[in-house]
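1. 3D, please:
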Amino acid sequence: MERRRLPSPTDRGDRTDAPRPGRVVGIGAGAGGAQALMALCAGLDPATDAAFVVAFRRTAEPERAALAGLAAATRLPVDVVGAGTRLSPGTIHLLPPETSATFRGEHLRLEPWPSGAAPALPIDDFFVSLAETWGRAAVGVVLSGAGADGARGVRVLHAAGATVFVQEERTARCEDMPRAAIATGVVDAILAPEAMAGHLHRHLRVAEGVAPAPKEAPTTAFDEILALVGASSRVDFTQYKPSALLPRVERRMALTHAVTPAVYARLLRGCPSEVRLLERDLLVGTTRFFRDPETFEYLLRETLPAVIASAPTDEPLRLWVPACASGEEAYTIAMLAAEALEAAGTRRDFKVFATDVDPAALEVASLGEYPASIAADVGPERMARWFSARGDAFSVVRDLRARVLFAAHDVTRDAPFLRVDLVSCRNLMIYLEPRAQRRALSAFHDALRPGRPLLLGPTEGVGELPGAFRLEAGAARIFRRLPRATESASERPSPRAPGRSDARPTPGRPSPAEDALRWLGAHYGPPAVLLGADGSLLHSFGAAAGWMAVPVGRATLNVDELLPAGLAGPLGTGRREALERRAEVQVAGVRFDTPQGPCRVDLRVVPFLEGDVVVRCLAVFEPLLMAVSPGRKPPLRLADGRATDDVPGSRGE
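-> Okay, the predicted model is just below:
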């Protein structure tokens, strides 16, 4: 093969007459990545319409020496990128050493590293720009390298509908970067470099040939696809805009070589594992710590201080983060709440309720472990205060994690939390159909105390529920709750039967008596929990929420693991007896310890039947002795080393 030198940026210039690439493949590599890159590029087909752009974390002398032979190892032209270089199909574009690149359409914009120092995560920055510019037409590839660079970027790529390939760990000279990327759970293929080119080309060819479903009216096959994935999920995907779901369906079609929706529907009928993969793709959320930093700065400087000043002094702050995905925004809100309370000079406690429809995401969120790449979003001071190193990852400190309660919840169907001081739901509404938006906004309105703030995403609004909120800060998309709007009850979420995916709110406007009973139950009713027949928590009432603790490890709604041991045991016995007898069971004088102090209650377990089958149980805790002393859970450490005092528990969802 003829040996070709790498052209310099000045050799090439910008070919304005070059055709536009159909796809862009971004490749990130670090230590040991040059050898993997050469193995991958050796199999690339010059007839492809894809452009390839390679970013190195650092280009040490061994990598530079290896790259000198890249042109001889591949049939594609190899180009060192210059300022304003336009991407060309069938070309490998190498970023110059010690340079960062961002995409501007078909062009690349270069910026030298300041003072020769590498940015913290240059491959992450590169992948984020690739996702934002090319979306579904992008492919991300992570090769050998040290550290976790690229992990955050592959999540952003996946959320944008792009495809992600990663080098097989055992074939990498340095497996840190591949391992961190694989740990995100969004990787589509894990391959040896020698096998990657063939797989990549097959994917690109199929992706070009996939017949898209109509964007205006979903086809019968598309409806069947949603029905198949919905049958194995608690999520009603018909409430989401087809325009939000179609790209993700088409992405799975390309990966499975299904060229039409009908072919893909047929595949789903016989392949439960593909149904699960499609559900994962449909549920994936784009989230980061402190996403849109200016918004969270406004929240810390203006919104939270006002909430703290006007909130009841005898209760913890109650904050709700629906659609929390893998937890970054929930922990962001928790950090800000702690910092705002400290700045206000108060020792009040707070609780963050973080909910999502995706159990897998909740499991990740409850662990509170994230790759080192989060440092770019969190910043050094908050990293030092709120995170602790754990191998190659960072964990949310225990004191902060204990104040975030994760639970499965669908804002379009499930009853909301109550007496909430702030709701932060960013970038969910844009995916929902108008009717589902109205239900979600109704849930937020019911949840919030009068005048409390609702935080939405940068392109979201409250137009589907007129008169319910007013805009407070346009740039930050913060709204204030107004007195009850005149929406009908059909737009409000209501509790649904466990295991039922077709539950719908009861039509008709509630009577004044029903509204009054709902308010009285929230404010003066005894502590209680509503359970499924399997013992899973469906809803909590009154002080029962303050008795629960999130166990370390996987997310759970098993009430036996959430409640104090002294209460969980008698409740489990009473629940099993109520199931067997199909009758109310009473247990007198149950004693247990809570974070607020010792309690003693009479327990009543009331079964609810459909026909002869018990479908739910209501456990009511009638207080004989309620804790009034300050809480005894691990205190939240302030910046000066002082510990906050806990206050009596929350009074109700």
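
2. starting at the chain centroid, how far to stretch 233-243?
-> 17 Å (Cα atoms, centre = their mean, to the nearest Å).

3. try stretch 227-239
-> Per Cα atoms, centre = their mean, the centroid offset for stretch 227-239 relative to its chain is 19 Å.

4. Nearest residue to the residue nearest the centre of the chain in space, please, no chain neighbours.
-> Nearest to the geometric centre of the chain sits A325, at 2.3 Å (Cα atoms, centre = their mean). In this structure, A325 finds its nearest non-sequential neighbour in G285, 3.5 Å apart by Cβ to Cβ, 6 or more residues apart in numbering. Where C-beta positions appear, they are placed from N, C-alpha and C, glycine not excepted.

5. E328 is in contact with the one you found, correct?
-> No. Here G285 lies out of contact with E328, judged by Cβ atoms under 8 Å, at a distance of 9.6 Å.

6. Am I right that R75 is in contact with A47?
-> No. R75 lies out of contact with A47 (Cβ under 8 Å); the separation is 9.6 Å.

7. So between the two, which is more surrounded?
-> R75 (13 against 10; other Cβ atoms under 10 Å).

8. in what helix or strand does the more buried one lie?
-> Here R75, judged by DSSP states H and E, is contained in no helix and no strand.

9. where exactly do the strands run in the stretch 451-600 of the chain?
-> 453-456, 469-473, 478-481, 528-532, 537-541, 585-594, 597-610 (DSSP state E, counting those that start in this stretch).

10. if you compare those, which one is most tucked away?
-> Mean neighbours per residue, mean count of other Cβ atoms under 10 Å, is largest over those for strand 453-456, with a mean of 24.

11. pull the CA atoms of that strand into PDB?
-> Output in PDB follows, covering the C-alpha atoms of strand 453-456 (Å, rounded to 0.1, in the frame of the first residue of the first chain):
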ATOM      1  CA  PRO A 453     -42.500  28.000  42.600                       C
ATOM      2  CA  LEU A 454     -42.600  25.600  39.700                       C
ATOM      3  CA  LEU A 455     -39.300  25.200  37.700                       C
ATOM      4  CA  LEU A 456     -39.600  24.000  34.100                       C
END
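
12. before we move on, the earlier item: what's the separation between the residue nearest to the centre of the chain and L255?
-> Note on A325: its distance to L255, by Cβ to Cβ, to the nearest Å, is 22 Å.

13. same check, this time on P434
-> For P434 relative to L255 (Cβ to Cβ), the value is 31 Å.

14. More neighbours: which of those two?
-> Neighbours were counted for P434 and for L255 using other Cβ under 10 Å; L255 has more, 18 against 10.

15. Which residue comes closest to the more buried one once chain neighbours are left out?
-> That would be D188: by Cβ to Cβ, 6+ apart, it lies 5.9 Å from L255.

16. residue boundaries of the strands in the stretch 1-150 of the chain?
-> 23-29, 50-56, 78-80, 92-94, 99-104, 107-112, 138-142.

17. just to revisit the earlier point, any idea which element the residue nearest to A325 lies in?
-> Here G285 is assigned to no helix or strand, by DSSP H and E.

18. same thing with the one 5 residues further on?
-> Secondary-structure assignment from DSSP H and E places F290 in no helical or strand segment.

19. ok, it to A415 distance?
-> Counting by Cβ to Cβ, the gap from F290 to A415 is 30 Å.

20. do Y331 as well
-> Taking Cβ to Cβ, one finds Y331 at 25 Å from A415.

21. go on, P96?
-> 57 Å.

22. next one: P598
-> Distance from P598 to A415, by Cβ to Cβ: 30 Å.

23. and what of D356?
-> Distance, D356 to A415, by Cβ to Cβ: 16 Å.

24. And the two? Which one has more around it.
-> Neighbours were counted for D356 and for A415 using other Cβ under 10 Å; D356 has more, 27 against 20.

25. residues near the closest residue to the more buried one other than its chain neighbours, how many?
-> Spatially, and ignoring its direct neighbours in sequence, D356 is nearest to C324 (5.0 Å; Cβ to Cβ, 6+ apart). C324 has 30 neighbours, counted by other Cβ under 10 Å.

26. Pull the contacting residues for C324.
-> Residues in contact with C324 (Cβ atoms under 8 Å, 6 or more residues apart in numbering) are T287, A330, A354, T355, D356, A361, L362, A365, F406.

27. run the last query once more with 10 Å
-> 285, 287, 330-331, 333, 352-356, 358, 361-362, 365, 404, 406-407, 409, 424-425, 428 (Cβ atoms under 10 Å, 6 or more residues apart in numbering).

28. what's the answer for A29, then?
-> Residues counted as contacts of A29 (Cβ under 10 Å, 6+ apart) are 35-37, 40, 54-59, 63, 67, 123, 141-145, 149-150, 167, 172, 174, 177.

29. Let's see that with 8 Å instead.
-> Counting by Cβ under 8 Å, 6+ apart, A29 makes contact with A36, L37, V54, A55, F56, R57, I123, V142, L143, S144, G145, M177.

30. Can you tell me the closest non-neighbouring residue to the last one?
-> Looking back up the chat, that one is M177. Per Cβ to Cβ, 6+ apart, closest to M177 is G145, 3.6 Å.

31. Pretty sure the residue nearest to the centre of the chain sits in a strand.
-> No. Counting by DSSP: H, G, I helix; E, B strand; the rest coil, one finds A325 to be coil, located in no strand.

32. Who does V321 form a beta bridge with?
-> Beta-bridge partners recorded for V321 (DSSP bridges): A354.

33. what's around A436, how many residues?
-> Neighbour tally, A436, other Cβ under 10 Å: 24.

34. Now do the same contact list for it.
-> A436 sits in contact with Q239, Y240, T412, where contact means Cβ under 8 Å, 6+ apart.

35. top of the residues you listed by neighbour count?
-> In terms of neighbour count, T412 stands highest of the contacts of A436 at 24 neighbours, by other Cβ under 10 Å.

36. For it, give its distance to Q35.
-> 50 Å.

37. Ok, A83 next?
-> Applying Cβ to Cβ to A83 and Q35 gives a distance of 29 Å.

38. Show me which of those two is the more surrounded one.
-> For A83 versus Q35, neighbours defined as other Cβ under 10 Å are more numerous around Q35 (18 against 13).

39. closest to F387 out of the strands of the stretch 451-600 of the chain?
-> Of all the strands of the stretch 451-600 of the chain, strand 453-456 sits nearest to F387, with 23.1 Å by Cβ to Cβ.

40. which helices and strands does the closest one pack with?
-> Applying 3 or more Cβ pairs under 8 Å, 6 or more residues apart in numbering; DSSP states H and E, one finds that strand 453-456 makes contact with strand 422-425, strand 478-481.
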